[in-house]
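Student: got a sequence here, can you model it:
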Amino acid sequence: MSIKHGLALTATAAAAEVGLIHLGRTYGSTKDERLAQLPGDDIIAEAGVQTDHAVTIDAPPSAVWPWVAQMGWGRAGWYTARWVDRLLFPANGPSAERVVAELQDIDVGTFIPDGPPHTECGLHVVSIEPGRSLVLRSNSHLPMSWRDRATLDWTWTFVMTPRDDGRRCRYHFRSRWVTSPWW
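Tutor: As a prediction, the model looks like this:
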């Protein structure tokens, strides 16, 4: 392989990686959505990483909200593709395929598990506006053995905005986090 060919392959691979990272951080969201101030943004004012994903759903926010309210490990799941859970998170059960009435009662302070109980991993509800937004925060998404020497502060914000006279919903998910040390 010539040097020129090797450099071209390296540049192509680097461009593909940058494109995939950008897509992973921005999938479905518009530039305006990524720049918008959302509930919970003030919790981690200087985020090391921010991701924004968005999609338009053919249902009003009131129909989307019950699915958001019931999320969590051992609850209704995270609605991740089943193959992703099997590959990356084998302890996760399948996500719910229906709204579960017993999982609808959440409020500020509610703990939403994100792993088996022995991991003590999860998120707390820090802000809730039923039918509109939910903000979760975690400081526990590190292995137990790391928690005495590293920190992670992470928020997940879910916002449902009515579209088309309330017949549809723009669903926007943002995560913001900072770690110490920075890896």
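
Student: list the contacts of the residue lying closest to residue 74 once chain neighbours are set aside.
Tutor: Take residue 74 and drop its neighbours on the chain: the residue closest to it by C-beta to C-beta, 6 or more residues apart in numbering is residue 113, 5.3 Å away. Every residue, glycine included, has its C-beta placed from N, CA and C. Listed by C-beta atoms under 8 Å, 6 or more residues apart in numbering, the contact set of residue 113 reads 72-75, 121-122.

Student: run a quick neighbour tally on the closest residue to residue 130 other than its chain neighbours.
Tutor: Once flanking residues are discounted, residue 130 sits nearest to residue 65: 6.2 Å by C-beta to C-beta, 6+ apart. Neighbourhood size, residue 65 [other C-beta atoms under 10 Å]: 22.

Student: now do the buried residues in the host helix or strand of residue 65.
Tutor: For residue 65, the enclosing helix or strand under DSSP states H and E is helix 61-69. For helix 61-69, the neighbour count (16 or more other C-beta atoms under 10 Å) marks 61, 64-69 as buried.

Student: show me what that helix is packed against.
Tutor: With contacts taken as 3 or more C-beta pairs under 8 Å, 6 or more residues apart in numbering; DSSP states H and E, helix 61-69 sits against strand 151-163, strand 168-180.

Student: right, and the helix or strand after it?
Tutor: Proceeding N to C from helix 61-69, the next assigned helix or strand is helix 82-88, under DSSP H and E.

Student: export that next one to PDB, keeping only CA atoms.
Tutor: What follows is helix 82-88, C-alpha atoms only, in PDB (Å, rounded to 0.1, in the frame of the first residue of the first chain):
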ATOM      1  CA  ARG A  82     -34.200  -6.000  22.300                       C
ATOM      2  CA  TRP A  83     -31.100  -7.000  20.500                       C
ATOM      3  CA  VAL A  84     -29.200  -4.100  22.000                       C
ATOM      4  CA  ASP A  85     -30.300  -5.100  25.500                       C
ATOM      5  CA  ARG A  86     -29.300  -8.700  24.900                       C
ATOM      6  CA  LEU A  87     -25.900  -7.700  23.500                       C
ATOM      7  CA  LEU A  88     -24.900  -4.800  25.800                       C
END
